[in-house]
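> sequence and predicted structure are below.
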Amino acid sequence: MSQAWIDIRDLRLERGGRLVLQGVNASLAGRAVGLVGANGAGKSTLIGALLGVLKPSSGSIRVLDLEIPLRAMDLRARAGVMAEQAGVFPGGSGVDAVVFAGMLSGLSRRESLRRSHRALDALDMGEERYRPAHGYSTGMKQRTKLAMSLVHDPEILILDEPTVGLDPIGRTQLLRLIRDLRDQGRRILLSTHVLQDAETVCDEMLLLQGGVVAFSGAVGGLTGAEDGRMLATGSGFDAAFASKLGELGFGEISGSGERIVFRSRADGDLMPFWRLAAESGVEVRFLGRDHPTLEEAVIAVMEGGQGGK
Amino acid sequence: MVSERRAPSAWHVIRAIARREIGIALRRRLVRLLFLGSLVPPLVFGIILVVRLMAEKAVGVNLGWDPVLRFLQVQVAPVLLLSLGLGTPLVARDRAEDVLYLYAVRPVAPWHYAIGKMLAVAAPAFGLLMVPGFLIAVMRQGVLPDQVHFLDSILLVAKIGLAALFLAVAYAGASVGPSAAVKRARWALLLALALFTIPDAINELIFGNHAFAIGPAKASEAMLSMLFQGAATGRGVAALAVLLAYGVLGCLVTLVRVREEMRP
């Protein structure tokens, strides 16, 4: 795991007399980190605190090695933020809004104009970019917002519910764009309550529940995908087969008949399983990792089914 | 890390905000008309000045009319209207569209925002008062060098500059402040118009014509009288303080409002 780019220590933050963040601790190093949690869990408040917009009651925050809120302005110049509730800068066209966003982040007007067109080209915003932004569809608004957050070529992207209000095609396209940005080397913090979005994009997860961290770590660690548990379905999985499987180095074997669950060998090699199945005349219709979906895992954590890490 | 980019300077951010607002405002037909309207007095006064000078040369008599005060007294009206047209939608629109957080997540402090919006009104107002006034002073100096000393002209330009600065700041505060107080530009316009009329009306009702100016309109009259007619200094200084107070208050109202709403 590379060095953490977000480091939060015992962060407490009060809003309107209520302690919204109640001692958040997290050290996040993933290329794309999913910030998930139910409504009111404190996701937007945490983003506000990371950007230095909201002042913590206690605790410390470091993002990109910058102490926040002390160096919040420098961080904001290096971060691109796509805010959920705010739209596009009003009063002009899409390209006007993107150019203005670039200028606010420190670019000259000429440079911002050049980069805005490049960003809007990359986001497939054709001639629509010259139309007044108030007439945009939700999808076009989201693209413009993403362009506004990308125009100054930020090192990190903080995306707050980027797929809200999008149709399935728009959502898929936007997620693909975000994945591409991640693959180009940008660090991404994706706040979402759509777990499928987080699963598609993120390699690390921060799950907030009631203002505390319910889980922080790799997505596989949350779903249990990394613990090597395998599921095979078919027919003929009898006790003799299970016994021979154990002799071959597979562990924690359970189930019989049409379904068997076992833990992979230390070397991860599954060929012995296939050979044994062929020798024993067992029909295998499916072999895959035995783990819950992200949604099931998150719900389990939120319902107290798994302790926080 | 890819780079160690730092936050842009405050002036860069303030200028970007002011520039964008002026650019967007000039796309509105009403603001364009008001802008053109504010060019009419300088044009008319320029023509009058040239004609007067030609007449003086023809008859060989000094007609003794100094156009600077009269010009400024007339020019404040279109500049005031332009300021209201420019300033009253500025913050109200951002609040109505709920985009203040877009500024907060960028290297923009609340005071950058407030000063940027003020500058979007004050800069054109200052320019429209200062540039024609300056040109008139130059014409006066160039065409009547035997009657007007160079130092007099420098002093005149300084006075025009001072008047233009205080008027621009007051008009910006009195239009942007109301814009920050409400969420609709039309309510902001009504509020700003009330600021320009009601304080002095009430003051006059209570204290009569001798009352000190407490509204921006009367204060601008008192300031111009002091600077260009040598009227009572006490009233003039009080008027300067009133104009400055409108500017500062407008900026403070904007700042307070923005600090509250620049958050998720």
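In hand now; what should we look at? Numbers count the residues shown, from 1 in each chain, chains lettered A, B, ... in the order given.

> residue nearest the centroid of the chain?
Let's take chain A. Centroid check for chain A by CA atoms, centre = their mean gives A:G34 as the closest residue, at 2.5 Å.

> wrong one, I was asking about chain B
Closest-to-mean residue, chain B, CA atoms, centre = their mean: B:A168 / 2.1 Å.

> that one contacts B:F126, correct?
Yes. If you go by CB atoms under 8 Å, B:A168 and B:F126 touch, sitting 3.8 Å apart. Yep, even glycine has a C-beta here, placed from its N, CA and C like the rest.

> where along the stretch 51-200 of chain A do the strands fall?
A:58-63, A:66-68, A:79-82, A:156-160, A:187-192 (DSSP state E, counting those that start in this stretch).

> who in chain B is up against chain A?
Listed as neighbours of chain A in chain B under the rule CB under 8 Å from any CB of the partner chain: B:1-3, B:5-8, B:12-13, B:16-17, B:19-20, B:23-24, B:27, B:93-94, B:97-109, B:262-264.

> which of the residues you listed count as buried?
Neighbour-count burial within those applies to B:5, B:7-8, B:12-13, B:16-17, B:19-20, B:24, B:93-94, B:97, B:99-109, B:262-264; the criterion is 16 or more other CB atoms under 10 Å in any protein chain shown.

> run a quick neighbour tally on A:S191.
A:S191 has 23 neighbours, counted by other CB atoms under 10 Å in any protein chain shown.

> just checking, the residue nearest to the centre of chain A touches A:A218?
No. In this structure A:G34 lies outside contact range of A:A218 using CB under 8 Å: 10.8 Å.

> touching both of the two, which residues are there?
A:E204, A:M205 (CB atoms under 8 Å, 6 or more residues apart in numbering or on different chains).

> closest point of the stretch 101-250 of chain B to chain A, which residue?
Chain A sits closest to B:V105 of the stretch 101-250 of chain B, with a gap of 3.8 Å, by CB to the nearest CB.

> look up phi and psi at that residue.
According to degrees, to the nearest 10, the main-chain angles of B:V105 amount to phi -90, psi 0.

> that one: what's it in contact with?
So B:V105 contacts A:L51, A:V53, A:R76, A:A79, A:V81, A:A83, A:I158 (CB under 8 Å, 6+ apart).

> measure the first one to A:Q3 for me?
When you say that, I think you mean A:L51. 20 Å (CB to CB, to the nearest Å).

> so for those two, which residue has more residues nearby?
The neighbour comparison of A:L51 against A:Q3 (other CB under 10 Å) goes to A:L51, with 26 against 9.

> any idea how far that one is from A:G17?
Taken as CB to CB, the span from A:L51 to A:G17 is 22 Å.

> up against chain B, what does the stretch 151-300 of chain A have?
So far as CB under 8 Å from any CB goes, the stretch 151-300 of chain A lies against chain B at A:E155, A:I158, A:D160, A:G185.

> redo that, cut-off 10 Å
With CB under 10 Å from any CB of the partner chain as the criterion, the stretch 151-300 of chain A meets chain B at residues A:H152, A:D153, A:P154, A:E155, A:I156, A:I158, A:D160, A:G185, A:R186.

> which of the residues you listed lies closest to chain B?
A:E155 (5.1 Å).

> from what I see, B:P178 and B:L189 are in contact.
Yes. Shown here, B:P178 and B:L189 form a contact pair, counting by CB atoms under 10 Å, at 7.7 Å.

> between the two, who's got more neighbours?
B:P178 (27 against 20).

> that one and B:I24: what is the separation?
Taking CB to CB, one finds B:P178 at 19 Å from B:I24.

> next one: A:E84
Distance of A:E84 to B:I24, given as CB to CB: 25 Å.

> what of A:D183?
37 Å.

> same question, A:A49
32 Å.

> helices of chain B, start to end?
With DSSP state H, the ranges of helices along chain B come out as B:10-25, B:29-37, B:40-59, B:67-87, B:90-96, B:100-104, B:110-143, B:150-181, B:185-207, B:216-229, B:233-261.

> just send these back as CSV, with distance to A:A29 and mean pLDDT too.
Converted to CSV, the helices of chain B look like this (distance: least, CB to CB, whole Å; pLDDT from 0 to 100):
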stretch, distance to A:A29, mean pLDDT
helix B:10-25, 32, 95
helix B:29-37, 51, 92
helix B:40-59, 63, 82
helix B:67-87, 48, 89
helix B:90-96, 37, 93
helix B:100-104, 27, 93
helix B:110-143, 33, 86
helix B:150-181, 42, 91
helix B:185-207, 47, 91
helix B:216-229, 57, 89
helix B:233-261, 34, 93
